[in-house]
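**Q** The following block contains a protein sequence and its predicted model.
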2 protein chains.
Amino acid sequence: MISIKMQEQVQSGSVIRAMFEEGKRLAEIHGAENVFDFSIGNPNAKPPDAVNKAILEILQTDNLMSVHGYMNNSGYEDVRAAVAKSINDKFGTAFTQNNILMTVGAAGGLNVIFKTLLNPGDEVITFAPFFGEYRNYVKNYEGELIIISPNTIDFQPNLVEFKEKITPKTKAVIINSPNNPSGVIYSEETIIKLAAILSEKQKEFGTDIYIISDEPYREIAYDNAEVPYLSKYYANTIIGYSFSKSLSLPGERIGYLVVPNEAADFENIISAANIANRILGFVNAPSLFQRVIAKCLDAKVDLETYNKNRELLYNALVSYGYQCIKPQGAFYLFVKTPIENEAEFCQLAKTKNILVVSGAAFGCPGYVRIAYCVAYKTIEKALPGFKALIEEIGK
Amino acid sequence: MISIKMQEQVQSGSVIRAMFEEGKRLAEIHGAENVFDFSIGNPNAKPPDAVNKAILEILQTDNLMSVHGYMNNSGYEDVRAAVAKSINDKFGTAFTQNNILMTVGAAGGLNVIFKTLLNPGDEVITFAPFFGEYRNYVKNYEGELIIISPNTIDFQPNLVEFKEKITPKTKAVIINSPNNPSGVIYSEETIIKLAAILSEKQKEFGTDIYIISDEPYREIAYDNAEVPYLSKYYANTIIGYSFSKSLSLPGERIGYLVVPNEAADFENIISAANIANRILGFVNAPSLFQRVIAKCLDAKVDLETYNKNRELLYNALVSYGYQCIKPQGAFYLFVKTPIENEAEFCQLAKTKNILVVSGAAFGCPGYVRIAYCVAYKTIEKALPGFKALIEEIGK
């Protein structure tokens, strides 16, 4: 009785649910404190104090009808102006409120932009490993996701294969840096080359190809690593941002899209995205949190929370013999499994009460994603299990 | 460069924008206080005090990681349980948290349920006059909206035509009571007949046909009018609710779906709706406001704010000679235009600085919708214009 497409979703969804149930089952047997769940990217750094301070300030001083009321589907004008100014101050850009559309998180923003751009059969390219939800977001609008195979040397995009796979039907390229699941930041060198390839192909095919830069992890970068701001390298860039990680507000669903004036068909994109936000049922980004983030544009979570986890887990795993590159961003390690079949590795890990996600979910088999946005103690307690695991496999 | 579907949207969207711009232009000429905008259903009753009290309480006592964090895509279990209990207390139903899915407003909920149910070409029936966004919500999933012509005697659904238009492809019927734009509450007699027709047709065709009851105005009912709870009359009922009007929180995007155990394919619907909420990019209903509404389930806005407006505007318009039924719910009057062409009437109204919406937008030409969720003073000041308008037309 449910739709055919959703029947397929329910069937594949049951695999994830089974894992979740397995976690609960293990917790009942061994106690929740002895089950090490590295499967979910749920931020564990606490939101900056500025967030609740902003909420209180707004409730005390602002007009409540306006705080909780409707506004333009693109968001409050003053909030969008504040967001634009903040980006300009950080990256030397020249955006105004007209370039900003407030969205229900990055997930909402990506759906809005795909609804805006895609005709059935249009191709969207992404680089493995990639956030698995892109499959669904593109399919929602009958587009086709074209996956470029992973470069497992350093997890920078495989630009040779990329160039070969661009066709006249390529409408967009979606990238995600710092990357989920690899934690890698795409280098400026990568971005320059990628932009050059796209410019060449646009000319060859007489088409416009948009880069959609999905940036929920922009602020989660360690060692003062720079994350290039894409619109400075390529005119047809659209940026999807989220405050889920920078302010640890994933449940509040607040983010934005940036559409630069320089993007081809700018006027229509921004008008259509405004309408798409409405007709897809988002209507507008949650109103109180629009006002909140406008007051918190300079705040961010304490990165040291994640960095300590990163150092502990990375150094330990490498010392045990695991192969993994040290990521400069996000809060994931993407680890080569010591046996080829990573699904089997996930099963073995469970015998140590360790839950990790198979790389196949990210288009990169032979790897697992370990989300280290967990308590430091959880990592400490899980390490003996990781050690025993690779030793047992090595025997 | 934008998609073909969105090109059409941008073109028709420009009409609404033109009206908005016209309002701004009039405000510049005559002063905002002398322009009477009855075009938008933006609640003007202030949110009950319970709302901000709940926010403060939550920020002071709850775990902030949990307040702003991810949860099950269907929403917090305790919030869903509280919503279920509140419905049970009011309507004698027997729902549990398993029947409730928290959504990004009713608009989000309707998109989730259409995504869940519709295959391309499936038909969804609605009764004119109807909320125009249904066109888009159904089209988003390649369904076809079948419109039953209005019964302008009392604005109860036209059940004769309804029965004729049900086909083996009818997947759902979407109703909205209290109705936007007519303000009419579908009577218990209507609901009983409607359910009987559907039961008969389900048997005839061997199909399941769902009633989707869109209920953002359930709490906005005057004169102690009863709004029948649909699931008590028909098993295949799915309810979409929103707190936008009951608590004046339209910007916060918070609502829920109810899927009763008795609905055919219940297990799959609830699983698929959970997944649809995620993959459409909602991910989850905003987390703080989930917790807020759980504390405000017995609160509602002061209905007298709207009722006073209703009495003033209805009595005045009827005394001037306008034809209109007195609505028992929502905050709209649906008025027969004294000239047949209601678009022309809208233009004439503008000469009196009065903005109203053409009935064609709701599938009911020859009428206009007047949203009276405005300041009492706005109505008082607009009345001479309404009077002059019908007098001039009558000449």
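**A** On my side now, so go ahead.

**Q** If I look at residue A:269, what pLDDT would I see?
**A** According to the prediction, residue A:269 has pLDDT 98.

**Q** nearest spatial neighbour of it, skipping sequence neighbours?
**A** Of all residues not flanking residue A:269 in the chain, residue A:259 sits nearest, at 5.3 Å (CB to CB, 6 or more residues apart in numbering or on different chains). Every residue, glycine included, has its C-beta placed from N, CA and C.

**Q** For the closest residue to residue A:167 other than its chain neighbours, list each beta-bridge partner.
**A** Using CB to CB, 6+ apart and skipping residues adjacent in sequence, the residue nearest residue A:167 is residue A:123, 6.3 Å away. Using DSSP bridges, the bridge partners assigned to residue A:123 are residue A:144, residue A:170.

**Q** Whichever strand or helix holds residue A:377 packs against which elements?
**A** Per DSSP states H and E: residue A:377 is located in helix A:376-394. Applying 3 or more CB pairs under 8 Å, 6 or more residues apart in numbering or on different chains; DSSP states H and E, one finds that helix A:376-394 contacts strand A:36-37, helix A:303-320, helix A:342-350, strand A:354-355.

**Q** export these to a markdown table and tack on distance to residue B:287?
**A** What follows is these, written out as a markdown table (distance: least, CB to CB, whole Å):
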| stretch | distance to residue B:287 |
| --- | --- |
| strand A:36-37 | 20 |
| helix A:303-320 | 20 |
| helix A:342-350 | 29 |
| strand A:354-355 | 23 |
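
**Q** and chain B, which of those is closest to it?
**A** helix A:303-320 (11.6 Å; CB to the nearest CB).

**Q** what about the helices in the stretch 201-350 of chain A?
**A** Assigned by DSSP state H, counting those that start in this stretch, the helices in the stretch 201-350 of chain A fall at A:266-279, A:287-294, A:303-320, A:342-350.

**Q** Report how many residues lie close to the closest residue to residue A:151 other than its chain neighbours.
**A** Nearest non-adjacent residue to residue A:151, counting by CB to CB, 6+ apart: residue A:158, 4.3 Å away. As a burial measure, residue A:158 scores 18 neighbours (other CB atoms under 10 Å in any protein chain shown).

**Q** now do residue A:130
**A** Neighbourhood size, residue A:130 [other CB under 10 Å]: 25.

**Q** Next, the contact list for it, please.
**A** The neighbourhood of residue A:130, defined by CB atoms under 8 Å, 6 or more residues apart in numbering or on different chains, consists of A:147, A:174, A:176, A:179, A:362-363.

**Q** circling back to that earlier point, got a list of what the residue nearest to residue A:151 touches?
**A** A:127, A:148-151.

**Q** Just the buried residues from those residues, in ChimeraX please.
**A** Only the buried entries of the contacts of residue A:158 go into this ChimeraX selection, using 16 or more other CB atoms under 10 Å in any protein chain shown:
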select /A:127,148,150,151
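
**Q** Just the closest of the contacts of residue A:158 to residue A:343, please.
**A** Nearest to residue A:343 among those is residue A:150, at 17.2 Å by CB to CB.

**Q** so that closest one makes contact with residue A:364?
**A** Yes: here residue A:150 reaches residue A:364: they are 4.7 Å apart, a contact under CB atoms under 8 Å.

**Q** which residues does residue A:197 contact?
**A** Neighbouring residues of residue A:197 by CB under 8 Å, 6+ apart: A:159, A:162-163, A:166.

**Q** now those as JSON lines including secondary structure?
**A** Shown next, in JSON lines, are the contacts of residue A:197 (DSSP: H, G, I helix; E, B strand; the rest coil):
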{"residue": "A:159", "secondary structure": "helix"}
{"residue": "A:162", "secondary structure": "helix"}
{"residue": "A:163", "secondary structure": "helix"}
{"residue": "A:166", "secondary structure": "coil"}
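
**Q** Tally up the residues packed near residue A:320, please.
**A** For residue A:320, the count of nearby residues is 16 (other CB under 10 Å).

**Q** now swap in residue A:305 and tell me
**A** Residues contacting residue A:305 under the criterion other CB under 10 Å number 18.

**Q** what helix or strand is the nearest residue to it once chain neighbours are set aside on?
**A** Spatially, and ignoring its direct neighbours in sequence, residue A:305 is nearest to residue A:45 (4.1 Å; CB to CB, 6+ apart). Following DSSP H and E, one finds residue A:45 outside all helices and strands.

**Q** Show the contacting residues for residue A:45.
**A** A:248, A:301-303, A:305-306, A:373.

**Q** now residue A:91
**A** A:229, A:232 are the contacts of residue A:91 under CB under 8 Å, 6+ apart.

**Q** what's the distance between it and residue A:195?
**A** 16 Å (CB to CB, to the nearest Å).

**Q** and the gap between residue A:273 and residue A:79?
**A** Residue A:273 is 16 Å from residue A:79, by CB to CB.

**Q** try residue A:175
**A** Look at residue A:175 and residue A:79: by CB to CB, they are 26 Å apart.

**Q** burial measure for residue A:276, as a count.
**A** Neighbour number of residue A:276 under other CB under 10 Å is 29.

**Q** Does it touch residue B:6 like I think?
**A** Yes: here residue A:276 reaches residue B:6: they are 6.6 Å apart, a contact under CB under 8 Å.

**Q** what is in contact with those two at once?
**A** A:115-116.

**Q** who in the stretch 251-395 of chain A is up against chain B?
**A** Residues of the stretch 251-395 of chain A lying near chain B by CB under 8 Å from any CB of the partner chain: A:251-253, A:264-265, A:268-269, A:271-272, A:274-276, A:278-284, A:286-289.

**Q** Going through these, which ones are buried?
**A** Neighbour-count burial (16+ other CB under 10 Å) is assigned, among these, to A:251-253, A:265, A:269, A:271-272, A:274-276, A:278-284, A:286-289.

**Q** so who does residue A:199 touch?
**A** Contacts of residue A:199 by CB under 8 Å, 6+ apart are residue A:234.

**Q** can you tell me the helix or strand for it?
**A** Here residue A:199 is assigned to helix A:188-205, by DSSP H and E.

**Q** Kindly list the main-chain dihedrals of residue A:217?
**A** Phi and psi for residue A:217, reported as degrees, to the nearest 10, are phi -100, psi 10.

**Q** doesn't residue A:180 make contact with it?
**A** Yes: at 6.7 Å, residue A:217 counts as touching residue A:180 under the criterion of CB under 8 Å.

**Q** what's the overlap in contacts for these two?
**A** Contacts common to residue A:217 and residue A:180, judged by CB under 8 Å, 6+ apart, are residue A:330.

**Q** For residue A:100, list each beta-bridge partner.
**A** Here residue A:100, judged by DSSP bridges, has bridge partners residue A:258.

**Q** and it, how many neighbours?
**A** Neighbour count for residue A:100, taken as other CB under 10 Å: 25.

**Q** Next one: it from residue A:256, what distance?
**A** Taken as CB to CB, the span from residue A:100 to residue A:256 is 5 Å.

**Q** so what's the nearest residue to residue A:252 once chain neighbours are set aside up against?
**A** Once flanking residues are discounted, residue A:252 sits nearest to residue A:289: 4.8 Å by CB to CB, 6+ apart. Contacts for residue A:289 (CB under 8 Å, 6+ apart) come out as A:243, A:249, A:252-254, B:286, B:288.

**Q** Centre of the chain to the helix holding residue A:199, how far?
**A** Offset of helix A:188-205 from its chain centre (CA atoms, centre = their mean, to the nearest Å): 23 Å.

**Q** Walk me through the domains of chain A.
**A** Using automatic domain parsing, the domain parsing of chain A gives A:4-47+A:301-394, A:49-294.

**Q** Out of those domains, which is the most enclosed?
**A** domain A:49-294 (a mean of 21; mean count of other CB atoms under 10 Å in any protein chain shown).

**Q** Is residue A:35 in contact with residue A:26, as I believe?
**A** Yes: if you go by CB under 8 Å, residue A:35 and residue A:26 touch, sitting 4.7 Å apart.
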